[in-house]
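Visitor: What follows is a predicted protein model with its sequence.
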Amino acid sequence: MECIAITHVAFEDLGSFAAPLRERGYTIRYRQAGVAPLSPDEWLGADLIVVLGGPIGVGDLQDYPWLQAEIDGLRTRLAAKRPTLGVCLGAQLMAVALGGAVAPSGRFELGWHPLSLADAPGVLAPLAGIPVLHWHGDNIALPEGLSSLASTDGTPCQAFAVEDYALGLQFHAEFEPQALEAWLVGHSVELRHAGVDLAALRQATALHGAALRDAAVLLIRHWPE
């Protein structure tokens, strides 16, 4: 089976999702968004597509017009009910492809906080009570017919699913704690502008990172079915 993982910055990769996907028999191929776009056959033919995060957003289409090709590819794939996972920016692109919207929240949610899960968390059950890493400033407005599976204060939609073939995660369940320094360097400008305490972020990562990694492995072992 083939998994195509679309990256927007190299250090935001599959992280802790990679090993359980390989254990399940997936061969992973990375593709750089805007540099190596997927063909129509790849959008439909891959057994699993994962669209990962990055420092740009859906509102940056004018500056990064190739984002529209991602949205169009996702729209085609989701209409065909092909297994698709989106993380942070990837989840936002999925929401727009499904007919939803994304807008700035007016605040930068960055750090470790637990999720408030819906009454029937389903695939997110391994994350119950576990602080996860948040790193975004946008909110997802889901299209009619879809509901949020998780939330935090100020972010009413942290996750959503479409039947059993599509899953969007606004937070970073895939984050590997040993990758933190790459994230801190790669996002140094926005961290400085947001006034994030890097020492506190390092401390929280050391405290919560391993539990998140273990929970993420459980999540991916059972999704997609």
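Guide: The structure has been received and is ready for your questions.

Visitor: For A95, see how far away A18 is.
Guide: Going from A18 to A95 by C-beta to C-beta, to the nearest Å gives 24 Å. Backbone N, C-alpha and C define where each C-beta goes, glycine included.

Visitor: what mean pLDDT does the lengthiest helix in the chain have?
Guide: Criterion DSSP state H: the longest helix present in the chain is helix 198-221. Predicted confidence along helix 198-221 averages 97 (mean pLDDT).

Visitor: Buried ones in the helix or strand bottoming out on mean pLDDT in the chain, by neighbour count?
Guide: When each helix and strand of the chain is scored by mean pLDDT, DSSP states H and E, helix 188-194 comes last, with a mean of 91. Buried positions in helix 188-194, judged by neighbour count with 16 or more other C-beta atoms under 10 Å: L191.

Visitor: now stretch 137-147
Guide: Going by neighbour count (16+ other C-beta under 10 Å), the buried part of stretch 137-147 is D138, N139, I140, L142, L146.

Visitor: just curious, which of the residues you listed is nearest to P104?
Guide: D138 (5.7 Å; C-beta to C-beta).

Visitor: Can you tell me the element that closest one falls in?
Guide: When secondary structure is defined by DSSP states H and E, D138 falls within strand 132-141.

Visitor: what about that strand, distance to the chain center?
Guide: With C-alpha atoms, centre = their mean, to the nearest Å as the basis, strand 132-141 stands 9 Å off its chain's centre.

Visitor: I would like the residues contacting it, please.
Guide: Outside of strand 132-141, the residues that reach it under the criterion C-beta atoms under 8 Å, 6 or more residues apart in numbering are 53, 57-59, 88, 91-92, 95, 100-105, 107-115, 152, 154-157, 160, 168, 170-173, 175, 183, 187, 205, 208, 212.

Visitor: So what are the sheet partners of the strand of greatest length in the chain and their directions?
Guide: When secondary structure is assigned using DSSP state E, the longest strand within the chain turns out to be strand 101-113. In the sheet, strand 101-113 lines up against strand 132-141 (antiparallel) (DSSP bridges).

Visitor: Centre-most residue in this protein?
Guide: Centroid-nearest residue in the chain, with C-alpha atoms, centre = their mean: V87, separated by 0.7 Å.

Visitor: wait, that one sits on L52?
Guide: Yes. V87 sits in contact with L52 when judged by C-beta atoms under 8 Å, with a separation of 5.2 Å.

Visitor: what do those two both touch?
Guide: Counting by C-beta under 8 Å, 6+ apart, the residues touching both V87 and L52 are E12, E174.

Visitor: Quick check: closest non-adjacent residue to L21.
Guide: For L21, the nearest residue in space outside its immediate sequence neighbours is C3; the separation is 5.6 Å by C-beta to C-beta, 6 or more residues apart in numbering.

Visitor: Can you pull the phi/psi pair for G57?
Guide: Recorded main-chain torsions at G57 are phi -140, psi 170, according to degrees, to the nearest 10.

Visitor: and the gap between the residue of the chain most remote from its centre and L184?
Guide: No residue in the chain sits farther from the centre than A199, which is 24.6 Å out by C-alpha atoms, centre = their mean. With the distance defined as C-beta to C-beta, A199 ends up 11 Å from L184.

Visitor: who touches both of those two?
Guide: A shared contact of A199 and L184, defined by C-beta under 8 Å, 6+ apart, is any residue touching both; here there are none.

Visitor: end to end, how far does stretch 45-64 reach?
Guide: 25 Å (C-alpha to C-alpha, to the nearest Å).
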